[in-house]
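Peer 1: Have a look; sequence and predicted model below, questions after that.
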Amino acid sequence: MNRGKMHFQETAGLYAAAALLRLFLFALFPALPDLLTGRVEISTPVTSFKRLQEGLFLYNHNVSPYDGGVYHQAPLLLPLFSLLPDPATYPIFAYLLYIIVDLLSADALYNIAESGEAASSRLFTSARKDRRWSGYIVAAIFLFNPFTIATCMARPTNVFTTCAILHATAKAISGSPFTSMLALSFATYLSMYPALLLPPLILLAYDRQHASNRTSSMLQFAGINVLAVGLCLSVLFLVSYLLTGSWEFFASTYGIQLTLTDLTPNVGLWWYFFIEMFDSFRAFFLAVFWLHLSCYVGGLSIRIRTQPLAVITILLGIFAIFKPYPSIADANLFLAMVPLFRHIFPLLRYTFLAASTILYSTFLGPSFYYLWTYAGSGNANFFYAITLVWSLGQSLLVSDLTFAVLRDEWEIERPEMVGKEIRQI
């Protein structure tokens, strides 16, 4: 109880300031949320708040929300938002919901940082473990990141996925594997791709078990948790079926991500590639792209077995680059996890280059999109080129973070090499 009271006292001011900043922006710039909602950098076909409103309108008029091919999000979001007054008339209630979700995500990040898992896990302790930021600083970086604020104001539904992933990680660290798997199930239900986080999350939960109810067998523990996720997802799918009266939500919610039937531009790599793709090769390259996205999971989980939180962080960066419909919210989740590894920042080699590339593409991306779609003085290549630069910046950061994690581990095994230059071959 004392720890919880100290936690509240330490973070209450931070959370209040973050909430007030968002409310201030909503009040001072009432047209900004709708402007950001239409930005392809923030909203995608599977997360857009505008599309959610379309589905909600159909749902409230007893029509299938998936008629018309506009709504591609989870069915259970509809009863949640139907409880709120009309966002067009009383937007404050939707604003408050998204602010609360941001604060819940920050609180999960706070708990992850305070655990010290990033620098000292069950199987590995970094020699630099004392060089870490407190949970307060990590939560503050997340809450006041312009990407976080822009995402909150645009109101895409992947903020719920972000919150679920962070709470799944926090609960795994706190020794509550079932709650962790329940949160991961919700994230998977909403966005599908979090299912790929299951192996490292099981490893993290296994390492952080309480001694009183510890399961010694890894296979038994993994089997129980996979079964728990499967059971939770089955219940969510069954409730969705009862809500919509059919199974068509599978094709509309998850099928669109597997087959990429909506080629709306976004900050990812898939849309332009498949616009130019001949139909005869489409199925093959869809399989290749999905295989590429998922092939990192096994290798990273095995190679960096001693640091499952690092595996989760690296995978989140990979997903932000290579998933079918990424947005800045996905990159923001990865960037929120990076400060947990403050102890290996001195080992990063391309910090300035990666940061410059990300900032460069952040500022030029909207300009290039405007030149293409509004001014008519450019074409799709303009926007796709800047998204390639955006992906390059993230790739540099992901690869550099992976190098730093492995270098930190290697210096424990070879202490005589601390501070010396090495050459990758």
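Peer 2: Structure's in. What do you need?

Peer 1: only C-alpha atoms for contact and neighbour calcs from this point on.
Peer 2: Fine.

Peer 1: Check this protein for its longest helix and report it.
Peer 2: helix 380-413 (DSSP state H).

Peer 1: which secondary structure elements does it contact?
Peer 2: helix 308-322, helix 351-370 (3 or more Cα pairs under 8 Å, 6 or more residues apart in numbering; DSSP states H and E).

Peer 1: Export the ones you listed as a markdown table, with columns for mean neighbour count and mean pLDDT.
Peer 2: Listed next are the helices and strands packed on helix 380-413 as a markdown table, based on neighbours: other Cα atoms under 10 Å; pLDDT from 0 to 100:
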| stretch | mean neighbour count | mean pLDDT |
| --- | --- | --- |
| helix 308-322 | 25 | 96 |
| helix 351-370 | 17 | 93 |
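
Peer 1: Distance to Glu248 for these - can I get that in a markdown table?
Peer 2: As requested, those are exported to a markdown table (distance: least, Cα to Cα, whole Å):
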| stretch | distance to Glu248 |
| --- | --- |
| helix 308-322 | 26 |
| helix 351-370 | 33 |
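
Peer 1: if we compare those helices, which one ends up closest to Glu413?
Peer 2: For the helices and strands packed on helix 380-413, proximity to Glu413 was assessed by Cα to Cα; helix 308-322 is nearest, at 18.2 Å.

Peer 1: so the closest one versus helix 380-413, what angle?
Peer 2: Taking axes from the mean of the first three to the mean of the last three Cα atoms, to 10 degrees, one finds helix 308-322 and helix 380-413 inclined to each other by 160 degrees.

Peer 1: if we look at helix 308-322, which residues are touching it?
Peer 2: 117-118, 193, 197, 200-201, 203-204, 268-270, 293, 296-297, 300-301, 304, 326-327, 330-331, 333-334, 337-338, 391, 394-395, 398, 401-402, 405 (Cα atoms under 8 Å, 6 or more residues apart in numbering).

Peer 1: what angle do the longest helix of the chain and helix 351-370 make?
Peer 2: Using the same axes, to 10 degrees: helix 380-413 against helix 351-370 is 160 degrees.

Peer 1: for helix 380-413, which positions count as buried?
Peer 2: For helix 380-413, burial by neighbour count (16 or more other Cα atoms under 10 Å) applies to 382-384, 386-409, 411.

Peer 1: so how far is it off the chain centroid?
Peer 2: From the chain centre to the centre of helix 380-413 is a distance of 16 Å (Cα atoms, centre = their mean, to the nearest Å).

Peer 1: Stretch 308-322 too?
Peer 2: Its chain's average C-alpha position is 9 Å from that of stretch 308-322, according to Cα atoms, centre = their mean.

Peer 1: Please apply the same query to stretch 263-273.
Peer 2: 18 Å.

Peer 1: cool, and stretch 28-37?
Peer 2: 23 Å.

Peer 1: neighbouring contacts of the helix or strand where Leu80 lies?
Peer 2: Using DSSP states H and E, Leu80 maps to helix 77-82. The contact list for helix 77-82, computed with Cα under 8 Å, 6+ apart, reads Leu52, Gly55, Leu56, Tyr59, Asn60.

Peer 1: Cross the contacts of helix 308-322 against strands and list the overlap.
Peer 2: In strands, defined here by DSSP state E, there are no members of those.

Peer 1: Now which of those residues would you call buried?
Peer 2: For the contacts of helix 308-322, buried by 16+ other Cα under 10 Å: 117-118, 193, 197, 200-201, 203-204, 268-270, 293, 296-297, 300-301, 304, 326-327, 330-331, 333-334, 337-338, 391, 394-395, 398, 401-402, 405.

Peer 1: neighbours of Pro85, just the number please.
Peer 2: Pro85 has 13 neighbouring residues, counting by other Cα atoms under 10 Å.

Peer 1: Offset the numbering so it begins at 489, please.
Peer 2: Right, with 489 as the first residue, what we last looked at is Pro573.

Peer 1: Just the pLDDT at it, thanks.
Peer 2: Note on Pro573: pLDDT of 89.

Peer 1: which element is the nearest residue to it once chain neighbours are set aside on?
Peer 2: Spatial nearest neighbour of Pro573, excluding adjacent residues (Cα to Cα, 6 or more residues apart in numbering): Phe581 at 7.1 Å. Take DSSP H and E as the rule and Phe581 turns out to sit in helix 580-603.

Peer 1: who's in contact with that helix?
Peer 2: Residues contacting helix 580-603 (Cα under 8 Å, 6+ apart): 503, 507, 510-511, 514, 572-573, 575, 621-624, 626-628, 630-631, 640-641, 643, 647-648, 650-652, 654-655, 657-658, 661, 824-825, 828.

Peer 1: okay, now the closest residue to Ser609 other than its chain neighbours: neighbour count?
Peer 2: Leaving aside its chain neighbours, Ser609 sits nearest to Gln795 (6.4 Å; criterion: Cα to Cα, 6+ apart). Residues lying near Gln795 (other Cα under 10 Å) number 28.

Peer 1: my guess is Gln795 contacts Thr613, does it?
Peer 2: No - look at Gln795 against Thr613 with Cα atoms under 8 Å: they stay out of range, at 9.3 Å.

Peer 1: how about the strands in the stretch 639-788 of the chain?
Peer 2: Here the stretch 639-788 of the chain has no strands by DSSP state E, counting those that start in this stretch.

Peer 1: Now do the helices in the stretch 539-688 of the chain.
Peer 2: 565-570, 580-603, 623-631, 634-642, 646-661, 665-679, 686-695 (DSSP state H, counting those that start in this stretch).

Peer 1: now for these, which one comes closest to Ser849?
Peer 2: Here helix 634-642 is closest among these (Cα to Cα), at 13.2 Å.
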